[in-house]
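[1] Starting from these lines, generate the structure:
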Amino acid sequence: MSRRWAYWMGGASLAVIVGGAALLAYWRTREARQYSQPHSVRTYGGTNYVVAIQQTTIGRTETGYVLLLTVRLTNPNPFPVRLDRQMFVLADHDKDFYLPTVEGAASRWIDLPAGGVLEKETLSYVVPPDSFDGVVAVQLGHQYWTLVKEVGDYTENLAPGQFRSFRRRHW
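    Numbers count the residues shown, from 1 in each chain. The predicted model follows:
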């Protein structure tokens, strides 16, 4: 009787572990899909484009903190579209607004060819360290916002030169 009981308990324990791992994998995959969901943006002028956030990277440099958004931009129009990088405004929990930096390799304009796709366009923001203490959102188009980070403090201390990447809203 005790051997049969041990087999039954071992099988039940294994089923609980496998079920928990499958549920965790499903939950993480669902969260990543929500994060990278494409957003269709329409302007008053009739132009439309699609934006999907692929990855968020935060880091610390010698001069301060940075937040990098890697986005996928799609132009469904039969004509080229020119987007001003400064349209993609970042807002933190204190409602402080940050414009993307246009220094270095990034130009002020993002040119989307007709029917084209830009796979890994990077938007770079210089932010203070308390920006990661709550919700962070980005404006994708005129009056269209999406979350980059959900409610909750980011407690990990980053050393200068250290970067951390996320593909979900909870970090």
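
[2] Break down the protein into its strands, ranges please.
    39-42, 48-60, 65-74, 81-84, 90-91, 97-98, 109-112, 117-127, 136-141, 144-149, 163-166 (DSSP state E).

[3] Quick one: the ones you listed as a markdown table, columns for distance to M9 too.
    (C-beta placed from N, C-alpha, C; glycine too.) Output for these, formatted as a markdown table (distance: least, Cβ to Cβ, whole Å):
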| stretch | distance to M9 |
| --- | --- |
| strand 39-42 | 49 |
| strand 48-60 | 43 |
| strand 65-74 | 47 |
| strand 81-84 | 60 |
| strand 90-91 | 52 |
| strand 97-98 | 55 |
| strand 109-112 | 59 |
| strand 117-127 | 50 |
| strand 136-141 | 46 |
| strand 144-149 | 42 |
| strand 163-166 | 39 |
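
[4] for the ones you listed, which one sits closest to N157?
    Proximity to N157 (Cβ to Cβ) singles out strand 48-60 among these, at 8.7 Å.

[5] Return the set of buried residues in the closest one.
    For strand 48-60, the neighbour count (16 or more other Cβ atoms under 10 Å) marks 49-53, 55-56, 58-60 as buried.

[6] again, but for stretch 143-154
    By 16+ other Cβ under 10 Å, the buried positions in stretch 143-154 come out as 146, 148-149, 154.

[7] Ok, stretch 89-104 next?
    89-93, 98, 100.

[8] coming back round to it: now flag whichever of the buried residues of stretch 143-154 is closest to R3.
    Y154 (50.7 Å).

[9] Setting the sequence-adjacent residues aside, check what's closest to that closest one.
    F132 (3.8 Å; Cβ to Cβ, 6 or more residues apart in numbering).

[10] Now for that neighbour: which residues touch it?
    Neighbouring residues of F132 by Cβ atoms under 8 Å, 6 or more residues apart in numbering: 58, 65, 92, 149, 153-154.

[11] now V18
    Contacts of V18 by Cβ under 8 Å, 6+ apart: none found.
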